[in-house]
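>>> Provided below are the primary sequence and the corresponding predicted coordinates.
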Amino acid sequence: MISRPISQQIYSNLNRVIPGGVNSPVRACANMGQIPMIIDHAYRDTLVDVDGKTYVDYCGSWGALIHGHAHPSILEAVQQRMKKGTSFGITTSIEGELAQEVIKLIDSVEKIRFVSSGTEATMSAVRLARGYTDKEFIVKFNGNYHGHADFFLVQAGSGVLEVSPSASSAGIPADIVKQTLCLPYNDIEACRQIFHHSDYRHKIAAIILEPIAGNMGVIPASQEFMQFLREETLAMGALLIFDEVMTGFRVALKGAQDIYPVEPDLTCFGKIIGGGFPAAAFGGREEIMNLLAPLGSVYQAGTLSGNPIAMEAGLQSLRLIQQPGFYEELQRKTDLLLDPIKETIKKNNWPICIQQAGSMFTLFFCKNRVRNLEDALKANTTIFANFFRKLFDQGIYIPPSQHEAWFISQAHEESNLIKTQSAILTFLEENF
Ligand code: PLP
């Protein structure tokens, strides 16, 4: 294991003042058998820690950095904007510019509201759906993660999955948990049973899902499952909410909505929409969105909502993804890394499965295709932890959990992709 004395010292100090030394649990690298990274700075595809060690970054701020670190045009626009003041708690015109950009790109969005985190976006979308339908229950899927609002932590993915495999969190009233129905992803029959049950059929306000799950590793919903959810929500008088915090502007210019032939009623965005700053949003049909205060009776607010610096970064981020060939180039880079690995796995019949949606993917240490959380939990997390450490020691940083997505950015250098490919192949040859 490489020595990181300065990181160790800072981490000890952090632990005295911040619980677990981190401000979000998965950063603790708890199951990876080492202390977390402490970053000094980053550029393009590279992180530099406080010990001066460099790492090719496949986490990209959990998918936010599709343009890589410190992209010059985002930095330049943000610096100019900051000279005008950083926060007013009063409206600025750039909020409208970013709103128009999203509405232009995403057909199902007629109006949008900006918030500061994905958690706020999904939480507010659910409140809006409950206000619109006047119903109480929500449906979510095992292993999907929608942030940490009480009613979502009923069987959450990623961080929670690592901390407490039996799901959930302390501090959540039982009555709130009862209003969330948590169902197996991609399982039409299990869902049908609940949707047609007289206890629930007329009480479901919304079904929320990650159309391509990223928080239990990358698992796309099947086309049939998505079609089924759209038909059932229409029949039940419930809303369909796509949580595209991760997939939005990532898996395609129009996000997962480009990949499935169904339109959601509401969509949640985060990560890329903030260009590396704290911005997120939820949007959808005008008739629904107009129920939000001050027009309607569903309350939702935020001191830093629509913050001009975050809006500027988001606007630049969305302009950059619209440059000709952007997604083709991202795909080319992803294929450059993955194709030879996939071929070698296939040729050797190794029990490894790579699941991918554009430039996000997961290398699962299990043989068969992963369709849901149950399958994902069969992956070998001990091998994953060894894999993580081996790559880390060679200056390659992947998300510190088997049940996360890796991300390729526009800034990934070919030489770094090849270096990563060769490190992965060496590990696999040595361990399978
Ligand atoms: N929804 C999805 C699909 C996410 O991946 C995340 C975070 O990773 C969230 C919601 C929560 O977003 P945030 O961490 O910005 O609150």
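Great, that's in hand. Numbers count the residues shown, from 1 in each chain.
>>> show me which residues of this structure sit near the ligand.
62, 117-119, 122, 145-147, 210, 214-215, 243, 245-246, 270, 280 (C-beta under 6 Å from any ligand atom). Quick note: C-beta positions are derived from backbone N, CA and C, even for glycine.
>>> return the member of the residues you listed nearest to the ligand.
residue 118 (2.2 Å; C-beta to the nearest ligand atom).
>>> how many other residues sit next to the closest one?
29 (other C-beta atoms under 10 Å).
>>> return the residues in contact with it.
Going by C-beta atoms under 8 Å, 6 or more residues apart in numbering, residue 118 touches 146, 147, 243, 245, 268, 270, 271, 280.
>>> can I get the buried ones among those residues as something I can paste into PyMOL?
Selecting the buried subset of the contacts of residue 118 in PyMOL, with 16 or more other C-beta atoms under 10 Å as the burial test, is done by:
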select buried, resi 146+147+243+245+268+270+271+280
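>>> sort out for me which of the contacts of residue 118 are in strands.
243, 268, 280 (DSSP state E).
>>> surely residue 249 is in contact with residue 273?
Yes - under the criterion of C-beta atoms under 8 Å, residue 249 makes contact with residue 273 at 6.8 Å.
>>> common neighbours of these two, please.
With C-beta under 8 Å, 6+ apart, residue 249 and residue 273 have common neighbours 317, 318.
>>> for the two, indicate the residue with more neighbours.
Set residue 249 next to residue 273 and count neighbours by other C-beta under 10 Å: residue 273 wins out with 30 against 24.
>>> do I have it right that the more buried one meets residue 267?
No - using C-beta under 8 Å, residue 273 is not in contact with residue 267; the gap is 10.6 Å.
>>> list residues touching both of the two?
Common neighbours of residue 273 and residue 267 (C-beta under 8 Å, 6+ apart) are residue 248.
>>> for the stretch 151-300 of the chain, what spans make up the helices?
Assigned by DSSP state H, counting those that start in this stretch, the stretch 151-300 of the chain shows helices spanning 158-163, 174-178, 188-195, 223-236, 286-289.
>>> farthest-separated two in the contacts of residue 118?
The largest separation in these, counting by C-beta to C-beta, is between 146 and 271 at 13.3 Å.
>>> excluding its backbone neighbours, what's nearest residue 108?
residue 263 (4.3 Å; C-beta to C-beta, 6 or more residues apart in numbering).
>>> same check, this time on residue 312
Using C-beta to C-beta, 6+ apart, the nearest residue to residue 312 is residue 81, at 4.2 Å.
>>> residue 42 too?
The shortest distance from residue 42 to any non-neighbouring residue, by C-beta to C-beta, 6+ apart, is to residue 69 (3.7 Å).
>>> who touches the one you found in this structure?
Neighbours of residue 69 in contact, by C-beta under 8 Å, 6+ apart: 42, 43, 44, 45, 46, 47, 57, 276, 411.
>>> ok, 10 Å please
Counting by C-beta atoms under 10 Å, 6 or more residues apart in numbering, residue 69 touches 39, 41-48, 57, 60-61, 75, 276, 409, 411.
>>> I'd like the mean pLDDT over stretch 68-85, please.
Regarding stretch 68-85, the rounded mean pLDDT is 98.
>>> got it, and stretch 234-252?
Mean predicted confidence for stretch 234-252 is 98.
>>> got the end-to-end distance for it?
By C-alpha to C-alpha, to the nearest Å, the extent of stretch 234-252 from end to end equals 26 Å.
>>> buried sites along that stretch?
Under 16+ other C-beta under 10 Å, the buried positions of stretch 234-252 are 236, 238-252.
>>> quick check, central residue of the chain?
residue 246 (3.1 Å; C-alpha atoms, centre = their mean).
>>> that one reaches residue 219, doesn't it?
No - using C-beta atoms under 10 Å, residue 246 is not in contact with residue 219, being 12.0 Å away.
>>> joint contacts of those two?
210, 212, 213, 357, 405.
>>> which among these end up buried?
210, 212, 213, 357, 405.
>>> filter the residues you listed down to just the ones in strands.
Among these, the ones falling in strands (DSSP E) are 212, 213, 357.
>>> nearest to residue 97, of the helices of the stretch 151-300 of the chain?
helix 286-289 (18.0 Å).
>>> circling back: would you say the residue nearest to residue 312 is within a strand?
No - secondary structure of residue 81 (DSSP: H, G, I helix; E, B strand; the rest coil): helix, not part of a strand.
>>> just the closest residue of the stretch 301-432 of the chain to the ligand, please.
For the stretch 301-432 of the chain, C-beta to the nearest ligand atom, closest residue to the ligand: residue 405, 8.5 Å.
>>> I appreciate the help and will end here.
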